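K.L.:
sequence and predicted structure, then a few things I'm wondering about:
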Amino acid sequence: MSANVTDEQIQALAATAKPYSLALLHWGPERTMDGADAVELEHQRRMVSLRADGVIAILCPVASDDVAGAAIMTVPAEEAAEIMAGDPCVRAGMMRVEVHPCHGFPGDTLPG
């Protein structure tokens, strides 16, 4: 670490924290079922639509045999869980989802 961070800087940042939800998608047993490509395309369309609507702030597909993706959602965890339960891949058993309440800092972004 090259930056020196003071206690005051940590406290100032902590004061700006806002609640979000973290949705973690894991591959499920039906990942390779017949018709999986079409179901996954509908999943992708839905996730990008939720992103466009501002429900998903950060969308991160993951290249892994276990984790399919992660999303930072702008809604409470209970609502995020309901939204993700309706995902085509989750409903088909291709993915399972975990939703966790979390906090983030407004203005944080991914580098361009």
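P.N.:
Okay, I see it.
K.L.:
pretty sure A71 sits in a strand.
P.N.:
Yes: applying DSSP: H, G, I helix; E, B strand; the rest coil, one finds A71 inside a strand.
K.L.:
what about M33, which SS state?
P.N.:
Following three-state DSSP, the label given to M33 is coil.
K.L.:
and the biggest helix by length in the chain, average pLDDT?
P.N.:
Longest helix in the chain by number of residues, with DSSP state H as the criterion: helix 36-52. Averaged over helix 36-52, pLDDT sits at 98.
K.L.:
for that helix, C-alpha coordinates in PDB please.
P.N.:
Presented in PDB, the C-alpha positions along helix 36-52 are these (Å, rounded to 0.1, in the frame of the first residue of the first chain):
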ATOM      1  CA  ALA A  36     -29.600 -23.800 -22.000                       C
ATOM      2  CA  ASP A  37     -28.200 -21.300 -24.600                       C
ATOM      3  CA  ALA A  38     -31.700 -19.800 -25.100                       C
ATOM      4  CA  VAL A  39     -32.400 -19.600 -21.400                       C
ATOM      5  CA  GLU A  40     -29.000 -17.900 -20.800                       C
ATOM      6  CA  LEU A  41     -29.700 -15.400 -23.500                       C
ATOM      7  CA  GLU A  42     -33.000 -14.400 -21.700                       C
ATOM      8  CA  HIS A  43     -31.100 -14.200 -18.400                       C
ATOM      9  CA  GLN A  44     -28.500 -11.800 -20.100                       C
ATOM     10  CA  ARG A  45     -31.300  -9.700 -21.600                       C
ATOM     11  CA  ARG A  46     -33.000  -9.500 -18.200                       C
ATOM     12  CA  MET A  47     -29.800  -8.600 -16.300                       C
ATOM     13  CA  VAL A  48     -28.900  -5.800 -18.900                       C
ATOM     14  CA  SER A  49     -32.500  -4.500 -18.600                       C
ATOM     15  CA  LEU A  50     -32.200  -4.300 -14.800                       C
ATOM     16  CA  ARG A  51     -29.000  -2.500 -15.300                       C
ATOM     17  CA  ALA A  52     -30.600   0.000 -17.700                       C
END
